[in-house]
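1. sequence unknown, structure follows:
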């Protein structure tokens, strides 16, 4: 599902006006009508309800004036708070402002007590806003947030940046956001995501020709599962690929168990887990379907074993630790074993200072860092990553020719061609040790089944989030663990056929 940032939406609107001769006031009218319908669907009949509409000076305020007209005609008691001088209202906003004046709708300049309001409409700032709200607008936002009334924002909650999700000052906490034409990227990125409890997108009749040539940022949904191959009845284990998980250490046997089990439970034909000798007995006793290999202490011998078993796809790094032995094994494997590869956890730590190895790889590579791991790879602060996520992941994926999965509450997947996918399914139950190992296992399993790296990464993130959702629904966010994500994978995969 396509999302757009501020610049992309402005270009879409310009093409609508200039190339297709659609008057801008038509889009404003469609937006107002769409908002009115969405609000009624959420709150029921508006007749007799007291509604305050806060309008800024731009086109977002113009939407607000038009919406006030619809609500007034539907029998609501309307008060419009105009947050700017009349002479600053221009164009289509001015047209709709003059209409509500002639309709004798109550207009006030200064925000006042909202105790008796049933509904508040936030039409203060639109998609062009960036920075901090100040003055009368800031006061209005604070007043809105103090109210217990149902709050609906026009296009975006005022005070957020729709391009990157930043919130630098006061912003409206909206119970409902009705966004126009396309979903806005920033609505699904933290911290802005916290300000949009529910988001719906309404059609404002932008020509389909423009919609089909939109941006490069998308929301993950179950349509990604259509890219998974059908499993033919006339198959054998070799048909679904052989996975080698290079994982684990004496201290971190659980990571090896989780990634290999997730790979086995996600459809791979044969999964082998290669672990140091010191961890072999523990893991061999835990696994039934997964084969276990002991890696010799001698690095040369260990590499020969890895080369013999890395036939189809490879997962490197889960729970391997940061010893010199682990680092040498990881770097040698990444450089010399040219099969599709997922690199996670300590595999990423080993790559610090050795990123050029990625450019030498001829086969697909997927990296799955969390925020801190990605910051270490780039040698920057976590704050810099959080403030510039989209640009950093895009430039990294393009420069090194990899698929990058930046794990967080709003996981972002960047492809080498510039496309970005956002996972909007946040779940605190996934914020537990081992969750990332499960994701890496799902990802490498899909790679083994001849799914492209791009589709494997996106589908793995979606399946992981959905399995986490089902675990949360059945067990709760406090109780669920990484093992439970694996337990509920069948329900996540089941969405492919529904």
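-> Received, thanks. What you are looking at is a predicted structure, and each value in this text was computed from that prediction instead of being measured.

2. Then residue 292 would be within a strand, right?
-> Yes - under DSSP: H, G, I helix; E, B strand; the rest coil, residue 292 falls within a strand.

3. Grab the nearest non-local neighbour of it.
-> residue 284 (4.3 Å; C-beta to C-beta, 6 or more residues apart in numbering). No exception for glycine: its C-beta is placed from N, CA and C like everyone else's.

4. Can you report how many residues neighbour that neighbour?
-> For residue 284, the count of nearby residues is 15 (other C-beta atoms under 10 Å).

5. Then residue 476?
-> Residues contacting residue 476 under the criterion other C-beta under 10 Å number 10.

6. Isn't it up against residue 429?
-> Yes - between residue 476 and residue 429 a contact is recorded at 7.4 Å, counting by C-beta atoms under 8 Å.

7. Pull out the buried residues from the strand or helix carrying the residue nearest to residue 292.
-> Element membership of residue 284 [criterion: DSSP states H and E] is helix 277-286. Neighbour-count burial for helix 277-286 flags 279-280, 282-283, 286 (criterion: 16 or more other C-beta atoms under 10 Å).

8. need these in a markdown table with pLDDT and distance to residue 370, can you?
-> Shown next, in a markdown table, are the buried residues of helix 277-286 (pLDDT from 0 to 100; distance: C-beta to C-beta, whole Å):
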| residue | pLDDT | distance to residue 370 |
| --- | --- | --- |
| 279 | 96 | 23 |
| 280 | 96 | 28 |
| 282 | 96 | 26 |
| 283 | 96 | 24 |
| 286 | 95 | 25 |
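
9. Nearest to residue 448, out of these: which one, please.
-> The closest of the buried residues of helix 277-286 to residue 448 turns out to be residue 283 (C-beta to C-beta; 19.8 Å).

10. Check the gap between that closest one and residue 262 for me.
-> 14 Å (C-beta to C-beta, to the nearest Å).

11. Also residue 197?
-> Distance from residue 197 to residue 262, by C-beta to C-beta: 32 Å.

12. try residue 185
-> Residue 185 is 30 Å from residue 262, by C-beta to C-beta.

13. In terms of neighbours, single out the busier of those two.
-> residue 262 (33 against 27).

14. neighbouring contacts of the helix or strand hosting the more buried one?
-> If you go by DSSP H and E, residue 262 is part of helix 253-264. Helix 253-264 has contacts (C-beta atoms under 8 Å, 6 or more residues apart in numbering) with 243, 245, 247-248, 271-273, 275, 279, 282-283, 286-287, 289-290, 315, 318-319, 344-345, 433-434, 437-442, 444-445, 448, 482-483, 485-486, 489.

15. cool, stretch 222-231 as well?
-> With C-beta under 8 Å, 6+ apart as the criterion, stretch 222-231 contacts 1, 240, 267, 446, 449-452, 455, 458-459, 462-463, 466, 493, 495-496.

16. In it, which residues are buried?
-> 224-225, 228.

17. Stretch 141-157 now?
-> For stretch 141-157, using 16+ other C-beta under 10 Å, the buried residues are 141, 143-145, 147, 149-157.

18. Of those, which is the nearest to residue 358?
-> residue 156 (36.8 Å).

19. mind checking pLDDT for that closest one?
-> At residue 156, the model reports a pLDDT of 98.

20. residue contacts, it?
-> 125-127, 129, 162, 177, 179, 184, 186-187, 196.

21. Equivalent analysis for residue 240, please.
-> Counting by C-beta under 8 Å, 6+ apart, the residues that residue 240 touches are 231, 267-269, 448-449.

22. Kindly report the same for residue 441.
-> 245, 258-264, 266, 315, 318.

23. and which of the residues you listed is nearest to residue 340?
-> residue 315 (10.0 Å).

24. How is the closest one assigned, secondary-structure-wise?
-> strand.

25. Could you give the number of residues near it?
-> Residue 315, neighbours per other C-beta under 10 Å, totals 34.

26. Could you verify my assumption that it touches residue 340?
-> No - with contact defined as C-beta under 8 Å, residue 315 does not reach residue 340; the gap is 10.0 Å.

27. circling back: report the buried members of the contacts of helix 253-264.
-> Buried among the contacts of helix 253-264 (16+ other C-beta under 10 Å): 243, 245, 247-248, 271-273, 275, 279, 282-283, 286-287, 290, 315, 318-319, 344-345, 434, 437-442, 444-445, 448, 482, 485-486, 489.

28. Of those, which belong to helices?
-> Among the buried ones among the contacts of helix 253-264, DSSP state H puts 279, 282-283, 286, 437-442, 444-445, 448, 482, 485-486, 489 in helices.

29. on that earlier part again, just the buried residues from the contacts of stretch 222-231, in ChimeraX please.
-> In ChimeraX syntax, the buried subset of these is picked out as below (16+ other C-beta under 10 Å):
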select :240,267,446,449,451,452,455,458,459,462,463,466,493
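
30. Would you mind listing where the protein has pLDDT under the threshold?
-> Applying pLDDT under 70 to the chain flags residues 212-214.

31. Mark out where each domain of it begins and ends.
-> Domain segmentation of the chain under automatic domain parsing yields 2-215, 222-497.

32. where's the closest residue to residue 16 other than its chain neighbours relative to residue 331, distance?
-> What sits nearest to residue 16 in space, not counting adjacent residues and going by C-beta to C-beta, 6+ apart, is residue 22, at 4.9 Å. Computed with C-beta to C-beta, the distance linking residue 22 and residue 331 is 57 Å.

33. where do the helices sit along the stretch 301-450 of the chain?
-> 324-336, 346-351, 356-360, 371-378, 382-387, 389-400, 435-448 (DSSP state H, counting those that start in this stretch).
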